[in-house]
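> Give me a 3D structure for the following:
(chains A and B)
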Amino acid sequence: MKLSLGPLQYFWPRERVLSFYRDAAGWPVDIVYLGETICSKRRELRTRDWLALAEELADSGKDVVLSSLALIEAESELGVVQRLADNGRFLLEANDLSAVQVCRERGIGFVGGPTLNVYNHHALQLLMEDGLRRWVPGVEQGRELLKALRAAMDAEGQPMPELEVMAWGRLPLAYSARCFTARAADVPKDQCGFRCIEHPDGLPLDTREGEPFMVINGIQVQGMETVDMAPERDELAECGVGILRLSPQHEDMAAVVAHFHAMLRSPVPPPRLGARNGYWLGRPGKASLAGPALD
Amino acid sequence: MQLVCPAGNLPALRTAIDAGADAVYVGFRDQTNARAFPGLNFDEEELRQGIAYAHARGRKVYVALNTYPDSARLSHWQRAVDQAAGLGMDAIIAAEMAVLHYASTRHPDLPRHLSVQGSATTAAALRYAHQRFGISRAVLPRVLSIQQVERLCTVSPVPLEVFAFGSLCIMVEGRCQLSSYVTGASPNRHGVCSPASFVRWEEGEAGRSVRLNGVLIDRFAAAEPAGYPTVCKGRFDVGGEVFHALEEPTSLNTLELLPRLAQAGVAALKIEGRQRGAAYVGSVTRVWREAIDQQRRAPQGWQARPQWQDTLASHAEGRQTTLGPYHRAWH
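Numbers count the residues shown, from 1 in each chain, chains lettered A, B, ... in the order given. So this is what the prediction gives:
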């Protein structure tokens, strides 16, 4: 199994981003996803900066993939996807059908990101015809769904693409045209003052009785819990998962990577450091909640 | 511009047709559509009657097959496509690639509309669905500003349908897991959002509390109107302040944008609300029929009438309406 560093979900100052990836160059991760996937207004690093960073990380031995926006509204944002696709060296992670089409029109391969809404083997086959080489399922796609999908691929004699699963980090739950960080600060989105930069691990949202519930991250909403799938590593391997995605966090990322690296070399699965992923078991994603398996 | 209205059952379908809908959209009574609510939707005989009623009056019926089947259940969605073709539906409204592909290869003459759940917001995404699945129309997610909608109309390979009125999803449709995070049941997979079977109301000293699978979504004072606990419409604590952190209970109403939508070349206006009763459908349909007809006849100086707006507001969540994403400041 390989380890990947997923795209940075939060908005950090330029120097912090650069130092994070300087450190990451020395971490035992095989694949690094770079780029802005949440909000096109986050420009501490411009497209050319991400591309320069990609070259540096690739030169230090990382397999680099360029990630693209999950929600594309303006033509200028589509233009950025086209520039990323035209980089000539690195694969693109397509997080929207727009990016799939951009790759398809150029005849280049891509990684199918978690917001593409692939729930069955036939959709996956169609995307593979389009150039999909690796698939990162979304948060809802749990164990039984992946097993059935794989069995259906086998039955039709179709090879699976590389399979990468979100194994560490907060679950991305929703995207909106509205910026919830700007809303919380009571400022218009167009004059947001880039408030996301004040929340390097997102802005916590609790219930009215003080229970931590979700995290606001610009136009994205995440679950509050940091999910840890290291204890499920054997199940993940049985499902054909070849890559574990670790989502960047502001503190202690080196320790997270080290934990997963050690886990892959240990004969026994490690203790759970984060929360269980309810979706994996066909239950509510927030694993502490009861619920019948609906599959 | 075509007026496309919701019908959750046969009486609502007839009411929509009688009130002037050019087309109605319906769902089968299972998880193949995004309003898989108890007591809603159509069996085959009801669909036959509904289609006959609409076709006798020169109107159309579309069926929403807009959820996302997993591999184990894909054949059920494929049978639903076959059934739609067999019944003589005028189009299917679908989001999922395998469903669209199946329909395009097995029933190429059955028109395919890309559902709002397909999350297509750009010319490139629309080109994909057009080239790959031969869609003849796309319904836009409720995320674009009016300027973006106008621009997209000029570059889209297919005619566009937009939401005109009704309950407002604050999240990109097809990209929201808030319901399944709390309940396990999702719009994409199960055709439901924050389902009623998980809702519990509690009376207490602090007021009336409403929980979804145990999670406190909101709490209301004695005289305060209490809304349905959709996760995105609850009140939460962010930085010590309690407010509607994601969205207020309010409905989308684009009536005042009618001239611009017409001018932009929008092909169809969609009314949300298959879960609403015939009274809602009739009343809202009549307002939009009259507004569209008057705007078409006399575009110069057309204005939304106050009584139209009053009627629409009376059917809105919390009696409040918004231009939503069409208006840039809303973001």
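
> Run through who's touching stretch B:308-324.
Contact with stretch B:308-324 is made by B:142, B:165, B:167-168, B:225, B:227, B:233, B:248-257, B:276, B:280, B:283-284, B:287, B:290-291, B:330, as judged by C-beta atoms under 8 Å, 6 or more residues apart in numbering or on different chains. All C-beta atoms are positioned from the backbone trio N, CA, C, and that covers glycine.

> let's see it at 6 Å
B:167-168, B:249-253, B:280, B:283-284, B:287, B:291, B:330 (C-beta atoms under 6 Å, 6 or more residues apart in numbering or on different chains).

> Equivalent analysis for stretch B:50-57, please.
By C-beta under 6 Å, 6+ apart, stretch B:50-57 touches B:Leu10, B:Leu13, B:Arg14, B:Ile17, B:Val61, B:Gly88.

> Filter the contacts of stretch B:308-324 down to the buried ones and hand me the ChimeraX line.
Remark: buried members of these, expressed as a ChimeraX selection using 16 or more other C-beta atoms under 10 Å in any protein chain shown:
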select /B:167,168,249,250,251,252,253,280,283,284,287,291
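
> remind me, longest strand of chain B?
What stands out as the longest strand in chain B, according to DSSP state E, is strand B:160-167.

> so what does it touch, helix or strand wise?
strand B:137-139, strand B:251-253, strand B:268-271 (3 or more C-beta pairs under 6 Å, 6 or more residues apart in numbering or on different chains; DSSP states H and E).

> repeat that for 7 Å
Contacts defined by 3 or more C-beta pairs under 7 Å, 6 or more residues apart in numbering or on different chains; DSSP states H and E place strand B:160-167 against strand B:137-139, helix B:146-155, strand B:251-253, strand B:268-271, helix B:278-297.

> thinking again about what came up before, just name the closest of the contacts of stretch B:308-324 to A:Met128, please.
Distance to A:Met128 across these (C-beta to C-beta) is lowest for B:Leu168, with 36.0 Å.

> Tell me the spacing between that closest one and chain A.
11 Å (C-beta to the nearest C-beta, to the nearest Å).

> tell me which residues in stretch B:116-133 are buried?
B:116-130, B:132-133.

> Mind checking which of these are in helices?
With DSSP state H as the criterion, helices contain B:Ala123, B:Ala124, B:Ala125, B:Leu126, B:Arg127, B:Tyr128, B:Ala129, B:His130, B:Arg132, B:Phe133 from among these.

> List the contacts of A:His250.
For A:His250, the contacting residues are A:Pro200, A:Asp201, by C-beta atoms under 7 Å, 6 or more residues apart in numbering or on different chains.

> ok, 8 Å please
A:His250 neighbours (C-beta under 8 Å, 6+ apart): A:Tyr10, A:Trp12, A:Pro200, A:Asp201.

> That one looks like it's in a strand, true?
No: assignment of A:His250 by DSSP: H, G, I helix; E, B strand; the rest coil gives coil, placing it outside any strand.

> the domain parsing of chain B - what is it?
With automatic domain parsing as the criterion, the domains of chain B are listed as B:2-168+B:250-330, B:186-243.

> can you give me the helices in the chain?
All of this refers to chain A. Under DSSP H, chain A gives helices at A:14-24, A:47-59, A:75-85, A:97-106, A:121-130, A:143-155, A:180-184, A:233-238, A:253-265.

> if you could check chain B rather than the one you did, that'd help
With DSSP H as the criterion, chain B has helices spanning B:10-18, B:44-56, B:74-87, B:97-106, B:123-133, B:146-155, B:178-183, B:187-190, B:258-264, B:278-297, B:306-314.

> May I see those arranged in CSV, with distance to A:Glu36 as well?
Listed next are the helices of chain B as CSV, based on distance: least, C-beta to C-beta, whole Å:
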stretch, distance to A:Glu36
helix B:10-18, 43
helix B:44-56, 46
helix B:74-87, 34
helix B:97-106, 26
helix B:123-133, 18
helix B:146-155, 19
helix B:178-183, 23
helix B:187-190, 25
helix B:258-264, 30
helix B:278-297, 39
helix B:306-314, 38
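
> ranking these by burial, who's on top?
Burial of the helices of chain B is given as mean neighbour count (mean count of other C-beta atoms under 10 Å in any protein chain shown); helix B:178-183 ranks first at a mean of 28.

> Relative to the longest strand of chain B, what are the paired strands and their orientations?
strand B:137-139 (parallel), strand B:251-253 (antiparallel), strand B:268-271 (parallel) (DSSP bridges).

> in the longest one, what's buried?
So the one you mean is strand B:268-271. B:Ala268, B:Leu269, B:Lys270, B:Ile271.

> Which one of those is nearest to chain A?
Relative to chain A, the closest of the buried residues of strand B:268-271 is B:Lys270; by C-beta to the nearest C-beta it sits at 17.4 Å.

> how close does the closest one sit to B:Ala64?
11 Å (C-beta to C-beta, to the nearest Å).

> A:Ala94 too?
In terms of C-beta to C-beta, A:Ala94 sits 26 Å off from B:Ala64.

> Could you do B:Pro299 as well?
For B:Pro299, the distance to B:Ala64 - C-beta to C-beta - is 32 Å.

> out of the two, which sits in the more crowded spot?
Neighbour count, other C-beta atoms under 10 Å in any protein chain shown: between B:Pro299 and B:Ala64, B:Ala64 has more, with 28 against 12.

> pretty sure that one contacts B:Ala34?
Yes: the criterion here is C-beta atoms under 8 Å, and B:Ala64 meets it with B:Ala34 at 6.5 Å.

> Can you work out which residues contact both of these two?
By C-beta under 8 Å, 6+ apart, the residues touching both B:Ala64 and B:Ala34 are B:Gly27, B:Ser115.

> For the closest residue to B:Met171 other than its chain neighbours, name its beta-bridge partners.
Spatial nearest neighbour of B:Met171, excluding adjacent residues (C-beta to C-beta, 6 or more residues apart in numbering or on different chains): A:Ala174 at 4.2 Å. Judged by DSSP bridges, the bridge partners of A:Ala174 are A:Val221, B:Cys176.

> For A:Ala174, list the residues it contacts.
A:Gln220, A:Val221, B:Met171, B:Val172, B:Arg175, B:Cys176, B:Gln177, B:Leu178, B:Cys232.

> what about 6 Å?
Contacts of A:Ala174 (C-beta under 6 Å, 6+ apart): A:Val221, B:Met171, B:Cys176, B:Leu178.

> do the same with A:Leu8
A:Leu8 neighbours (C-beta under 6 Å, 6+ apart): A:Pro248.
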